[in-house]
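# using only what follows, build the 3D model:
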Amino acid sequence: MQNFVSIHNIVKKSGLYNFQGCKIPIYSKINILFLRSLLQNYSDAQVCDFLEYGWPVGHDGSPFRSSFSRNHSGATDFPDDIAKYLKKESSYKAIVGPFKANPFSCPSALSPLNSVPKKDSTERRVIVDLSFPEGEAVNSGIFKDRYLGDEISVSYPTVDDFIMLIKSKGQGCRMFKRDLKRAYRQLVVDPGDIHLLGYKWRGHLYYDRVLTMGLRSAAYICMRTTNAIAFICQNMGIDILNYLDDLAGCDIPSSSDDAYAKLGLILQNCGIEESIEKACPPSTKMMFIGILFDSENMTISIDTQRLSEILQLVSNWLCSTNCTKRELQSLLGKLNFVSQCVRSGRIFVSRLLNWLRDFPDNGKIVIPTDFKRDLFWWQEFLPSYNGISMILSDEFSNPDQLFSVDACLTGCGGWMDGRYFHCSFPEFILDQNLHINLLEMLTIVVALKLWGKHFTNLKVIIYCDNMVSVRVLNTGATRNEFLQSCLREVCWIAAVNNFELKAIHISGCDNRLPDLLSRWDLDYKFQLDFYERTKGMSLFRDLISKELFQFEHIWSTLVCDSIAKHVKTIRRCHLQAFPGANIWDMINLLNCGTIQVNYDIILMHVGTNNVGTYEVADFDIGYNVLISTIEKLVKPHTVIVMSAIIPRLLDFQNTSYFVTTINSRLRSLCFKRGVQFVATYKPF
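Numbers count the residues shown, from 1 in each chain. Model prediction:
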């Protein structure tokens, strides 16, 4: 123990990292000679130096709090777990201590201890909160994007990466995985940095001499280490992907056992301890990075429990009005996980990332309505998703299906291998005077509603001569509400039918058949030209109904003067409840922006709290002003619905007739104002 302290003081006094100056070999079980012999041609030459002399934590030398901060409740409430942890880590020589006082020649940092439950275990994972207190924490002096002055980015393998590996070996290949035991705790830190990794327990000081759970640079250091192992494996003919402490690979059935055994031998010769109980021998089914891969059926899947958890999280977000950056990052991680299987959902994750980039580090901000609409898409889709997705082909250069569409200001048309459709836009579309960009995108929605069922498990390319539609489909980037609504419809169809869609821009002259179809009803010459160009082909016309032009994924809100007990039965509805509010309260809440109105349908339920204090005429005036206020604030085609009020139980005998009269007059008022009326929102 004293030896570690002495080495720290020597290295600290040198003013250089150990690998640069003193170069004192640090105790670890890693076989440095073996690694150096196999990494001679490796691009990351410093890895072996770091493994031999210790990894600098990357602290910039900024001031940190050296006085002790109280341990978190995750530690104080579980003293036996902390004591057990300290005893175990001491046996591994992973910590230095206990000390009564700081043993080093410089001030040391003392960070709070904490613990969290381990998944599927009664044990707890002990963490040192190196991010506390903010501004004075050890992690505050460690850059996220730099290490020892060099720009860095931690790149983890994705589901797509492992899918590519499976495809390279072929259907029925056998997958395998080995897991490093205590991965962070096998990697020693530079002895000159040990003073940064201190904590206090029951009056004694301890210091980590290995990577600490909670250290900002730990994941980067771990990945650099396992990247080197992956390089060694590759040179020995073993294809693997490393995700921190997980090393996963696959091979053809006749070679997979040998590859699995070689991977274990490499880890053994490197002196790196693996978790034998977590190893996965070659199989056609394997869990990796939270996804179940099946090489026999060529599927990927997420377990239903994870889906239920994510659905609940999304539902909670839809009931929230603001959020912090940390909460947004957590949601992003969950949705990004699901989108590994649901590829159509990646557009929404991309938009979420764009919002995150502009998010302030501190405080809360209001959740934008457009973002909530994207969350609503997830809320609608997840209950219908069984968690299983087919592994699709890689290349759009050889797609499974092609089709093309076009629109003019009066109609639309589409063409797919002899199948075609043409239709004049319904009046409710023409009445909106939509820009041609919006009509082109709407036509794509109609085509996918019509033909999407034929695209299951396929790669599909759509040709379109409208650049805006192509860009929106491929990137998901648009601020236009109508285009966003179209995009949600497209992603829904693609997700339900598990196909991937890519749009390619072509010139109008190369998109002649859909162009003729879109102008079908303008002049007979377009029909003749179409038949001339398709002479000798086998044709089939798909009929179009006006329902195909209606968005299925509308978003509604119930604005209510109480906590609505039945709101969960209203599909696609966001509750805005203001218990105790009366009609004029609602008007004020609308005018000051507290009530969000950027919805397709607004269902207003208010008036019960006015019973007993208002006369009939007061209700007439209040409801009139309320409807006018809503109409002033909403977008042009928002549907406004007024709900009848219900007699109060506490004075039912005295108010039931009065309430009946109010509802009758409200019904008449809605008819005059062109507003919808429902007797109750419950079956809405």
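# what mean pLDDT does stretch 499-509 get?
For stretch 499-509, mean pLDDT rounds to 92.
# buried set for it?
Phe499, Glu500, Leu501, Ala503, His505 (16 or more other C-beta atoms under 10 Å). For glycine as for every other residue, the C-beta is placed from the backbone atoms N, C-alpha and C.
# then stretch 247-258?
Using 16+ other C-beta under 10 Å as the test for burial, stretch 247-258 gives Leu247, Ala248, Gly249, Cys250, Asp251, Ser255, Ser256.
# so what's the last one up against?
So that's Ser256. Ser256 makes contact with Cys173, Arg174, Met175, Phe176, Cys250, Pro282, according to C-beta atoms under 8 Å, 6 or more residues apart in numbering.
# repeat for Arg182
Arg182 touches Tyr92, Glu273, counting by C-beta under 8 Å, 6+ apart.
# 30 is where my numbering starts, stick with that
Got it, the first residue is 30 from now on, which makes the last one we talked about Arg211.
# is it true that it lies in a helix?
No: residue state for Arg211 (DSSP: H, G, I helix; E, B strand; the rest coil) corresponds to coil; a helix is not indicated.
# just the pLDDT for Ser422.
Per-residue pLDDT puts Ser422 at 67.
# after the lowest-mean-pLDDT helix or strand in the chain comes which helix or strand?
Of all helical and strand segments in the chain, the minimum by mean pLDDT, DSSP states H and E falls on strand 602-606, at a mean of 79. Later in the chain than strand 602-606, the nearest helix or strand by DSSP states H and E is helix 612-620.
# and whichever helix or strand comes after that next one, what does it pack against?
As assigned by DSSP H and E, the chain's next helix or strand after helix 612-620 is strand 630-634. Strand 630-634 is packed against strand 585-589, helix 645-662, strand 668-672, with contacts defined by 3 or more C-beta pairs under 8 Å, 6 or more residues apart in numbering; DSSP states H and E.
# how many residues are close by Gln69?
For Gln69, the neighbour count with other C-beta atoms under 10 Å is 8.
# circling back: can I get the buried residues of stretch 276-287 in a markdown table with secondary structure and pLDDT?
Rendered in a markdown table, the data for the buried residues of stretch 276-287 read as follows (DSSP: H, G, I helix; E, B strand; the rest coil; pLDDT from 0 to 100):
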| residue | secondary structure | pLDDT |
| --- | --- | --- |
| Leu276 | strand | 98 |
| Ala277 | strand | 98 |
| Gly278 | strand | 97 |
| Cys279 | strand | 97 |
| Asp280 | strand | 97 |
| Ser284 | helix | 96 |
| Ser285 | helix | 96 |
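# want to throw these into TSV with distance to Leu240?
Below are these laid out as TSV (distance: C-beta to C-beta, whole Å):
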residue	distance to Leu240
Leu276	18
Ala277	22
Gly278	25
Cys279	29
Asp280	31
Ser284	34
Ser285	32
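# which two from those residues end up farthest apart in space?
Leu276 and Ser284 (16.8 Å; C-beta to C-beta).
# just checking, what packs against the top helix by length along the chain?
The helix that spans the most residues within the chain, counting by DSSP state H, is helix 681-702. Helix 681-702 sits against helix 645-662, strand 668-672, strand 705-707, with contacts defined as 3+ C-beta pairs under 8 Å, 6+ apart.
# in the last one, what counts as buried?
Of the residues in strand 705-707, those buried under the neighbour-count criterion (16+ other C-beta under 10 Å) are Phe706, Val707.
# again, but for the second one
Residues of strand 668-672 classed as buried by neighbour count (16+ other C-beta under 10 Å): Ile669, Val670, Met671, Ser672.
# ok, now the first one?
For helix 645-662, burial by neighbour count (16+ other C-beta under 10 Å) applies to Phe648, Asp649, Gly651, Tyr652, Leu655, Ile656, Thr658, Ile659, Leu662.
# likewise stretch 562-578?
Those would be Ile573, Leu577, Phe578, for stretch 562-578 by 16+ other C-beta under 10 Å.
# what mean pLDDT does that stretch have?
Averaged across stretch 562-578, the pLDDT comes to 94.
# gap between the two ends of it?
In stretch 562-578, first residue to last residue: 28 Å (C-alpha to C-alpha, to the nearest Å).
# identify the residues contacting that stretch?
By C-beta under 8 Å, 6+ apart, stretch 562-578 touches 447-452, 454-455, 457-458, 471, 474-475, 478-480, 541-542, 545.
# repeat that with 6 Å
Residues from elsewhere that reach stretch 562-578, judged by C-beta atoms under 6 Å, 6 or more residues apart in numbering: Gly447, Arg448, Tyr449, Phe450, Cys452, Pro455, Ile458, Val475, Lys478, Leu479.
# count the neighbours of Val188 for me.
Neighbour count of Val188, defined by other C-beta under 10 Å: 20.
# pretty sure it contacts Gln369?
Yes: contact criterion C-beta atoms under 6 Å: Val188 and Gln369 qualify, at 3.8 Å.
# could you list the low-pLDDT ranges of the stretch 30-179 of the chain?
By pLDDT under 70, the low-scoring segments of the stretch 30-179 of the chain are 30-31.
# which residues does the closest residue to Ile669 other than its chain neighbours contact?
The shortest distance from Ile669 to any non-neighbouring residue, by C-beta to C-beta, 6 or more residues apart in numbering, is to Val704 (4.8 Å). By C-beta under 6 Å, 6+ apart, the contact list for Val704 reads Ile656, Ile669, Met671.
# identify the bridge partners of the second one.
The reference is to Ile669. On the basis of DSSP bridges, Ile669 is bridged to Ile631.
# list the contacts of it.
With C-beta under 6 Å, 6+ apart, Ile669 has these contacts: Ile631, Ile659, Val704.
# so which residues of the stretch 280-429 of the chain form strands?
Ranges of strands within the stretch 280-429 of the chain are 309-312, 314-317, 320-323, 328-330, 351-353, 393-395, 417-419, based on DSSP state E, counting those that start in this stretch.
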